[in-house]
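Visitor: need the 3D shape of this:
(one chain, ligands or ions: 1)
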Amino acid sequence: MERDVLVIGCGLSGSVIARRLAEQGRHVEIWERRSHIGGNMYDYVDEHGFLVQMYGPHVFHTNSEEICRYLRRFCGWKDFRIDSGAVLNETYTPTPFNFTTVDTFYPPEKATRLKEKLQAAFAGRKMAPVMEVLQSQDEDIRGYAQFLFENDYAPYTAKQWNVSPDKIDPSILARVPLYFSYTADGGIRDRYQIMPEKSFTAFFEKLLDHPNIELRMGIEALARLAARDGRLWLDGAPVDTPVVYTGALDELFGGVYGPLPYRSLRFAWKYSSEDSFQPASVVAYPQAEGYTRITEYKKLPIQQGKGTVYAEEYPIPYVQGQSEPYYPVIMAESKEQYAKYKALADRIPNLIYCGRLADFKYYFMDQALERALERALEVCRELL
Ligand SMILES: Cc1cc2nc3c(=O)[nH]c(=O)nc-3n(C[C@H](O)[C@H](O)[C@H](O)COP(=O)(O)OP(=O)(O)OC[C@H]3O[C@@H](n4cnc5c(N)ncnc54)[C@H](O)[C@@H]3O)c2cc1C
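Guide: Numbers count the residues shown, from 1 in each chain. Model prediction:
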């Protein structure tokens, strides 16, 4: 099969583009450096029989009916509302923080007074950003927000981004909500919250199952592909056919403007013979040594089995070739640096870049999917 398009990366972005182009009659070859499909959404059944996600907990959420329709073409999906919590001062509370949190950390009389004050101060509102609550004129209300800031948000964020807790500016928490009732929503407010009936990997198997798609695993594309002098080079020769690139843009350009900053993660996998390890599927431990949160896969979504499996999540530095680039560190400086790489990429007409790495954005899955479909359209229109 002669190749029309080369796609680098077999995550959601690369796979969705490949599928769309294949359906347009194009022959697509995908090169993926990992030994599995699905990018960071990859899941598998572990030795204890639990379906676990290798790169951390993923739940698909979107407000778009069209995106749901697209997903359902490839497998069945079921509704699933994730539950989450946090352990502060060795005490568990569900999150996002709500009136249960107040009851948990305050004696009954104080809790009643604080809840009344919150309801009066934020009358008619279900929630407010913690930032706003921190600025309240009322000392008790401010004290509550301050307690959460000092014991949860600041230490969690400090660990996540490797900065000292006193350097955390409350403004970065501008959108984190505090609820003024007992009902919270697990922190996700999108209309559709779904999980594949079988697994994310099974979804990818169907997505990639097309006679025009050829999959080549274990290939580090940058050992053969380079971008310089305003064009792409493959095995040392210039290439003019379309290349879809979903890896990190700085790596493609040999880091000429320096490495873009990412944060990485290490997962410590644990098995317990207990039926349940923690009250919710994802629990934050802001005050724990090293790790930020623990995901208990038995609860994501609910699975039957003997014992339970969970993973502690340790934020670690990203070093190219040694760890995975999980989260782009988006700051004024890195945005400027990225813009320089983007300007180089935009000068190469047959280079189509997209995805959370190439766009240097924190995309949720629905955003990555939407963007991939748009980019596929552009490839068809402009290049093929
Ligand atoms: C811990 C964590 C939890 C998340 N939870 C959620 C969630 O609950 N809900 C949600 O909507 N989103 C979540 N996300 C975001 C979600 O993972 C992304 O939106 C989605 O995976 C993006 O897909 P992608 O294809 O752009 O990137 P990726 O999944 O990173 O895929 C890129 C692929 O390209 C390959 N690649 C890169 N460079 C090269 C190269 N040089 N040669 C060959 N192959 C290469 C990589 O190996 C990888 O397989 C989470 C992300 C993380 C990190």
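Visitor: kindly report the residues of this protein close to the ligand.
Guide: 8-14, 31-34, 39-41, 55-61, 219-222, 246-247, 326, 355-357, 363-365, 368 (Cβ under 6 Å from any ligand atom). Every residue, glycine included, has its C-beta placed from N, CA and C.
Visitor: those in strands, which ones?
Guide: Counted as lying in strands by DSSP state E, out of those, are 8, 31-32, 60-61.
Visitor: farthest pair within those residues?
Guide: Farthest-apart pair in those is W31 and H61; separation 29.8 Å (Cβ to Cβ).
Visitor: of those two, who's got more company?
Guide: Between W31 and H61, W31 has the larger neighbour count (other Cβ atoms under 10 Å), namely 22 against 19.
Visitor: tell me the contacts of the residue of the stretch 51-200 of the chain found nearest the ligand?
Guide: The ligand sits closest to G56 of the stretch 51-200 of the chain, with a gap of 2.8 Å, by Cβ to the nearest ligand atom. G56 makes contacts with 40, 265, 267, 295, 311, 313, 326, as judged by Cβ atoms under 8 Å, 6 or more residues apart in numbering.
Visitor: help me confirm that the fifth one is found in a strand?
Guide: Read that as A311. Yes: using DSSP: H, G, I helix; E, B strand; the rest coil, the secondary structure at A311 is a strand.
Visitor: stretch 277-295 - what's its average pLDDT?
Guide: Mean per-residue pLDDT for stretch 277-295: 96.
Visitor: could you list the buried residues of that stretch?
Guide: Of the residues in stretch 277-295, 277-278, 280-286, 288, 291-295 count as buried by neighbour count, 16 or more other Cβ atoms under 10 Å.
Visitor: against S199, how distant is Y257?
Guide: From Y257 across to S199, the span is 39 Å (Cβ to Cβ, to the nearest Å).
Visitor: ditto for Q119
Guide: 43 Å.
Visitor: where do the helices sit along the protein?
Guide: 12-23, 65-72, 99-105, 108-121, 130-134, 139-148, 154-161, 200-207, 249-252, 332-346, 365-378 (DSSP state H).
Visitor: just want the angle from the fourth one to helix 139-148.
Guide: Compare the direction of helix 108-121 with that of helix 139-148 by axes from the mean of the first three to the mean of the last three Cα atoms, to 10 degrees and you get 100 degrees.
Visitor: list the buried residues of helix 108-121.
Guide: 111, 114-115, 117-118, 121.
Visitor: helices or strands next to that helix in the packing?
Guide: In this structure, helix 108-121 packs against helix 99-105, helix 139-148, with contacts taken as 3 or more Cβ pairs under 8 Å, 6 or more residues apart in numbering; DSSP states H and E.
Visitor: what does the pLDDT read for the residue in the stretch 151-300 of the chain that the ligand sits nearest to?
Guide: For the stretch 151-300 of the chain, the residue closest to the ligand is G247, as judged by Cβ to the nearest ligand atom, at 2.6 Å. Looking at G247, its pLDDT stands at 97.
Visitor: residues touching it, list them.
Guide: Residues in contact with G247, defined by Cβ under 8 Å, 6+ apart, are 8-9, 221-222, 355, 357-358.
Visitor: among the contacts of G56, show me the least confident.
Guide: Y326 (94).
Visitor: just checking, that one touches Q160?
Guide: No: assessed by Cβ atoms under 8 Å, Y326 is found out of contact with Q160, at 10.3 Å.
Visitor: need the overlap of contacts for these two.
Guide: R263.
Visitor: quick revisit: need the helices and strands packed on helix 108-121 in TSV (columns: mean neighbour count, distance to L383 and mean pLDDT).
Guide: As requested, the helices and strands packed on helix 108-121 are arranged in TSV below (neighbours: other Cβ atoms under 10 Å; distance: least, Cβ to Cβ, whole Å; pLDDT from 0 to 100):
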stretch	mean neighbour count	distance to L383	mean pLDDT
helix 99-105	19	53	97
helix 139-148	18	51	96
